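Novice: quick one, fold the following:
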Amino acid sequence: MTRSFSRGLVVAAGLLAVPALADPDLIHVKLTPRADTRWILIRQFFEKNNSPAHEYAKDFLIAADQNGLDWRLLPSLSLVESGGGKSARNNNIFGWGNCKVRFRSTREGIYQVASRLKNSCLYKGKGGVNEMLWTYNPKQEYVQQVMAVMNRLGPVLPVPAY
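Specialist: Numbers count the residues shown, from 1 in each chain. Below is the predicted model:
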């Protein structure tokens, strides 16, 4: 095999691999260690509620940490909106866009919603979780319900150093 031909194969192989990396289900980020107390609390919480979202505990944490969100927010929203995935439609466990938004996977939905909560002009610059929730759903009962779930899930905990 000539040198230029083997280089061509390497380049072709690299091009074929690129689309797979764009798939949100294959996001490769630093992994949350199983010893992370937050991970344990999320898994136990969803398992107690017989919610299928327990399998996404690591994704909730990674998405929250990447976007500077309270670690309890995403799981709490999913529990209030869909029972932690029990009644989710279109892989949308958050009821995002009045449940009309479709995600290719639940995992994609977690990362997309976390990113929107951080970067959307609707949410950016909010003074905290309370203000963010008022924007998400401006009903006092809703905000209180999500905050109550967050408090049941656990205390505010620091992001561990990896």
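Novice: buried ones in stretch 55-64?
Specialist: If you call a residue buried by 16 or more other C-beta atoms under 10 Å, then stretch 55-64 has these buried ones: Y56, A57, K58, D59, F60, L61, I62, A63, A64. All C-beta atoms are positioned from the backbone trio N, CA, C, and that covers glycine.
Novice: secondary structure element holding the most centrally placed residue in the chain?
Specialist: Centroid-nearest residue in the chain, with C-alpha atoms, centre = their mean: I110, separated by 3.0 Å. Assigned by DSSP states H and E, I110 belongs to helix 106-119.
Novice: one more: A148?
Specialist: For A148, the element it lies in under DSSP H and E is helix 140-153.
Novice: can you pull the buried residues of that helix?
Specialist: Buried residues in helix 140-153 (16+ other C-beta under 10 Å): V143, Q145, V146, M147, V149, M150, L153.
Novice: and if you look at stretch 63-80?
Specialist: By neighbour count on 16+ other C-beta under 10 Å, the buried set for stretch 63-80 is 63-65, 67, 69, 71-80.
Novice: in those, find the pair that's most separated.
Specialist: D65 and V80 (21.4 Å; C-beta to C-beta).
Novice: spatially nearest residue to E81 (excluding sequence neighbours)?
Specialist: The shortest distance from E81 to any non-neighbouring residue, by C-beta to C-beta, 6 or more residues apart in numbering, is to G95 (3.7 Å).
Novice: which helices and strands sit right next to the helix or strand containing M132?
Specialist: Counting by DSSP H and E, the element that carries M132 is helix 129-136. The helices and strands touching helix 129-136, judged by 3 or more C-beta pairs under 8 Å, 6 or more residues apart in numbering; DSSP states H and E, are helix 73-82, helix 140-153.
Novice: and the ones you listed as TSV, adding mean pLDDT and distance to I42?
Specialist: TSV is the format used below for the helices and strands packed on helix 129-136 (pLDDT from 0 to 100; distance: least, C-beta to C-beta, whole Å):
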stretch	mean pLDDT	distance to I42
helix 73-82	97	5
helix 140-153	96	7
